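[1] Starting from these lines, generate the structure:
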Amino acid sequence: MNHSKGFTLVEIMLSLLLGIIVIGGALSIYISTIRSSTDITNSARLNYDINSIAQLMLNDIRRAGYWGQAISGSDARDNPFMLDNANILISKKTGEDDDSCIVYSYEGESSNDTVDVDEYYGFRLNGDGIDMRYSVGAVADASCDQGNWENIINTDKVIITALTFDDTNSKCLNNTTGISYNTPCASVSSANLATDAVAIETRQINITIEGNVVNETPVSKSLSVFVKVRNDRVFTQL
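    Numbering: from 1, shown residues only. Predicted coordinates for the structure are as follows:
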């Protein structure tokens, strides 16, 4: 008489243990793959958003000081888009970090010799986002706290952790003496840039943007770029 034999309890438990180990390994690989795919997607979105913002800034800041009504023989020192509060100013919105805002102006569609309220532009850090200015309420309202601003980043997906503007690589030429300095004109001493001297400032703005994906702080990006403003500032030192 033949007796059929089954698995012992120990064999069954060993089989279950091996099965659990195999399934656990497969699940671990699957979760790791999904997480890696999510990180790649988030990183791609973050790269796209920050690169797009940087390109927008470069294209717009490059136009600062453009004066469409300048004609042959015009005195560049009379350019209204480089005078007083229409000139490039690096500052901050109240409550934000220093140098996290830049404001400037250039001639738009109005084509006249005055700076209109819709020809004041700028970018600023505002909380977790970045604002772009497209006009001011009045000519006197040209600071980083004033004007009409619009958020240009979806802070539900990406947050900006830092934004910095820096003009320390600008250069100043004392056109009266012919001596050039590797600093902005504001940093040149009065002994080297005396009152009534004519100065030419070649301006370079360095921009740093840092951000991360919402709720995914390990997925972060820091980008540094610079833009040379096309229009040099020409002025008489006061």
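[2] For this structure, which segments are assigned as strands?
    89-91, 101-105, 120-126, 129-135, 148-151, 158-166, 171-174, 179-181, 198-202, 204-213, 216-228, 233-236 (DSSP state E).
[3] Just put those in TSV and tack on distance to Leu27, mean neighbour count and mean pLDDT.
    C-beta here means a position set from N, CA and C on the backbone, and glycine is covered the same way. Putting the strands of the chain into TSV (distance: least, C-beta to C-beta, whole Å; neighbours: other C-beta atoms under 10 Å; pLDDT from 0 to 100) gives the following:
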stretch	distance to Leu27	mean neighbour count	mean pLDDT
strand 89-91	52	18	96
strand 101-105	49	27	97
strand 120-126	42	24	97
strand 129-135	38	19	96
strand 148-151	41	14	96
strand 158-166	30	19	96
strand 171-174	60	20	97
strand 179-181	65	15	97
strand 198-202	60	18	97
strand 204-213	25	20	96
strand 216-228	22	14	87
strand 233-236	63	18	95
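[4] Nearest approach to Ile12 belongs to which of these?
    strand 216-228 (42.7 Å; C-beta to C-beta).
[5] Please convert the strands of the chain to JSON lines, extending it with distance to Ser190.
    Shown next, in JSON lines, are these (distance: least, C-beta to C-beta, whole Å):
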{"stretch": "strand 89-91", "distance to Ser190": "21"}
{"stretch": "strand 101-105", "distance to Ser190": "26"}
{"stretch": "strand 120-126", "distance to Ser190": "29"}
{"stretch": "strand 129-135", "distance to Ser190": "33"}
{"stretch": "strand 148-151", "distance to Ser190": "36"}
{"stretch": "strand 158-166", "distance to Ser190": "23"}
{"stretch": "strand 171-174", "distance to Ser190": "11"}
{"stretch": "strand 179-181", "distance to Ser190": "13"}
{"stretch": "strand 198-202", "distance to Ser190": "12"}
{"stretch": "strand 204-213", "distance to Ser190": "23"}
{"stretch": "strand 216-228", "distance to Ser190": "27"}
{"stretch": "strand 233-236", "distance to Ser190": "14"}
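[6] right, and those strands - which one's nearest Asn51?
    Nearest of the strands of the chain (C-beta to C-beta): strand 216-228, 6.9 Å.
[7] which residues are in contact with that closest one?
    Residues outside strand 216-228 that contact it (C-beta atoms under 8 Å, 6 or more residues apart in numbering): 39, 42-43, 46-47, 50-51, 54, 57-58, 61-62, 161-162, 169, 202-213.
[8] Ignoring the adjacent residues along the chain, who's closest to Ser105?
    Excluding its sequence neighbours, the residue lying closest to Ser105 (C-beta to C-beta, 6 or more residues apart in numbering) is Ala86, at 4.2 Å.
[9] So for Asp75, which of the strands of the chain sits nearest?
    So among the strands of the chain, strand 233-236 is nearest, using C-beta to C-beta, at 8.1 Å.
[10] Run through the neighbouring helices and strands of the closest one.
    Secondary-structure packing of strand 233-236 (3 or more C-beta pairs under 8 Å, 6 or more residues apart in numbering; DSSP states H and E): strand 198-202.
[11] Let's see the distance spanning stretch 158-175 from one end to the other.
    46 Å (C-alpha to C-alpha, to the nearest Å).
[12] ditto for stretch 103-121
    Stretch 103-121 has its terminal residues 6 Å apart, counting by C-alpha to C-alpha.
[13] Return the distance of stretch 124-141 from the chain's centre.
    14 Å (C-alpha atoms, centre = their mean, to the nearest Å).
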